[in-house]
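J.: Build the 3D model from these lines:
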Amino acid sequence: MKKLIFVTLATATMGLVSCSSDEASTQNVTAQEEIQLAVKMENNAPAATRAAHNLQGTALADYTKAGIFAYLTGTTASASNYAGYSNLTVTTAADYEYNSILYKKLTPSTTMYSPVGGTNVDVYVYAPYDENHTDVTSMIFTVQDDQTLDANYIASDFVYGKATADCSSAGDRVAAVNMYHALTKLTFKIDDASNGTNASGITEIKLTDVYKKATINMSAAVADSEPWLNAGTNVTTSTSNDDKGEVVVSNLTNNENLYNNAKQEGTGGVSVIIPSQGGLSASAGGKVSVTIDSQTRSAYLGSDDLTVLLPGYEYVYTLNIKSQELVVAVSIKPWSEGNPQVRDLDF
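T.: Modelled structure (predicted):
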């Protein structure tokens, strides 16, 4: 899994003392510090086109689409001694050098200050921003039905992270926030060259019978190793039939050349993002549907040894197109290498 790394900095506001309670009582002033956000990704170069399949894989397409919460450490809402900040927007993002490393500095819509008296603050950052979010423990999120366009694909990619800003001592307060992809990414490639067939007439790849709505608890602890996020704790997928349906897989921005983008040779495939899914098998659960030359065939996403799609993992399906059957091979990876699986489908 690629981790998107945010760094939260607390620096003194001009004219205010540090957040030491001793200094505050001695000088008889209110001591607060402005919390500033500096953001660093593993790769600051987003994919230029959807064909690269890794759009927003290691960098936000738009840093101003993030939202910010800040509360006293150990709490998830406003407290009597510190109201905190709820769902702030980001107005600007600019290059910022800290310790000789280049970051993105985020400017919130409201200046954030740490509490008086040296109390630590938990800072939550997530994307994409939604004005309806009010509770970091239950961020309700639904993916887009049609992810053929870049904007809809990005709007389906929920990422978040949490860290603590230390205000208990003088000096810089740095909290490094690792951002995690909360949902599941499926990437599809087609291989017709090895079988002497031609799938250039492919017009659509879509998922059917998949759940599209999830609730994310940003305050829940994240594991120390892969998989960092847990289905049912960090991310809970709705199993209501009202939240089940179809999702069309991505393509280029202009929604053309699906064949060129999805064929295995020379491309990374095309992708779609959905919440984690359970109850999969070779005969139950969600399916992938492929349309070639007006003929549509489907295969189950699961198999005998693949029954769950985990949050934060990428599942890469290779669709080997043959004249009479479609062979589906899938490798599973937490934004890194994984073990392959193979299963067949009459086409």
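J.: State the mean pLDDT of stretch 292-299.
T.: Mean per-residue pLDDT for stretch 292-299: 86.
J.: And it, what's buried?
T.: Judged by neighbour count (16 or more other Cβ atoms under 10 Å), stretch 292-299 contains these buried residues: 292, 297-299. Every residue, glycine included, has its C-beta placed from N, CA and C.
J.: Can you tell me which of those is closest to Thr208?
T.: Distance to Thr208 across the buried residues of stretch 292-299 (Cβ to Cβ) is lowest for Ser298, with 6.7 Å.
J.: how about the helix or strand harbouring that closest one as CSV, C-alpha atoms only?
T.: Using DSSP states H and E, Ser298 maps to strand 295-300. Presented in CSV, the C-alpha positions along strand 295-300 are these (Å, rounded to 0.1, in the frame of the first residue of the first chain):
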residue,chain,number,x,y,z
GLN,A,295,-21.3,-9.2,-26.5
THR,A,296,-21.2,-9.1,-22.7
ARG,A,297,-19.8,-11.8,-20.4
SER,A,298,-19.3,-11.7,-16.7
ALA,A,299,-17.0,-13.4,-14.1
TYR,A,300,-17.1,-13.5,-10.4
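J.: hmm, back to that, I'd like the buried residues of stretch 292-299 written out as JSON lines, with distance to Leu258 added.
T.: Shown next, in JSON lines, are the buried residues of stretch 292-299 (distance: Cβ to Cβ, whole Å):
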{"residue": "Ile292", "distance to Leu258": "10"}
{"residue": "Arg297", "distance to Leu258": "16"}
{"residue": "Ser298", "distance to Leu258": "17"}
{"residue": "Ala299", "distance to Leu258": "18"}
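J.: Kindly export stretch 264-274 (C-alpha atoms) in PDB.
T.: Output of stretch 264-274 as PDB, limited to C-alpha atoms (Å, rounded to 0.1, in the frame of the first residue of the first chain):
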ATOM      1  CA  GLN A 264      -1.700  -5.600 -21.000                       C
ATOM      2  CA  GLU A 265       1.200  -4.800 -23.300                       C
ATOM      3  CA  GLY A 266       2.700  -1.400 -22.500                       C
ATOM      4  CA  THR A 267       0.000  -0.200 -20.000                       C
ATOM      5  CA  GLY A 268      -0.900  -0.400 -16.400                       C
ATOM      6  CA  GLY A 269      -4.500  -1.200 -17.100                       C
ATOM      7  CA  VAL A 270      -7.700   0.700 -16.000                       C
ATOM      8  CA  SER A 271      -8.900   1.000 -12.500                       C
ATOM      9  CA  VAL A 272     -12.000   1.400 -10.300                       C
ATOM     10  CA  ILE A 273     -12.400   2.100  -6.600                       C
ATOM     11  CA  ILE A 274     -15.000   0.500  -4.300                       C
END
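J.: Show me which positions of that stretch end up buried.
T.: Buried residues in stretch 264-274 (16+ other Cβ under 10 Å): 264, 268-274.
J.: same check, this time on stretch 196-205
T.: Residues of stretch 196-205 classed as buried: 197, 199, 202, 205 (neighbour count, 16+ other Cβ under 10 Å).
J.: Test my guess that the first one contacts Leu319.
T.: Translated: Thr197. No: counting by Cβ atoms under 8 Å, Leu319 is not a contact partner of Thr197; they are 11.4 Å apart.
J.: one step back: Pro115: which of the buried residues of stretch 196-205 is nearest?
T.: Distances from Pro115 to the buried residues of stretch 196-205, taken by Cβ to Cβ, are shortest for Ile205, at 50.5 Å.
J.: Phi, psi for that closest one please.
T.: phi -130, psi 130 (degrees, to the nearest 10).
J.: Tell me which residues touch it, please.
T.: 188, 248-249, 258, 262, 270, 288-291 (Cβ atoms under 8 Å, 6 or more residues apart in numbering).
J.: Just give me the neighbour total for Ser86.
T.: The tally of other residues near Ser86 (other Cβ atoms under 10 Å) stands at 18.
J.: Check Leu149 too.
T.: 18.
J.: For it, give its distance to Ile205.
T.: Taking Cβ to Cβ, to the nearest Å as the measure, Leu149 falls 15 Å from Ile205.
J.: how about the buried residues of stretch 264-274 in TSV, adding pLDDT?
T.: Formatted as TSV, the buried residues of stretch 264-274 follow (pLDDT from 0 to 100):
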residue	pLDDT
Gln264	71
Gly268	75
Gly269	84
Val270	88
Ser271	90
Val272	93
Ile273	94
Ile274	96
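J.: ok, which stretches of the stretch 151-300 of the chain are strands?
T.: Along the stretch 151-300 of the chain, counting by DSSP state E, counting those that start in this stretch, strands occupy 159-165, 173-181, 184-191, 202-211, 213-216, 235-237, 244-248, 270-274, 287-292, 295-300.
J.: Okay, now the unreliable bits of the protein?
T.: 1-54, 58-59, 96-104, 169-176, 252-256, 265-267, 323-347 (pLDDT under 70).
J.: Tell me which residues touch the closest residue to Ile205 other than its chain neighbours, please.
T.: Closest residue to Ile205 apart from its sequence neighbours, by Cβ to Cβ, 6 or more residues apart in numbering: Val249 at 4.2 Å. Neighbour list for Val249: 147-148, 186, 188, 204-207, 270-272 [criterion: Cβ under 8 Å, 6+ apart].
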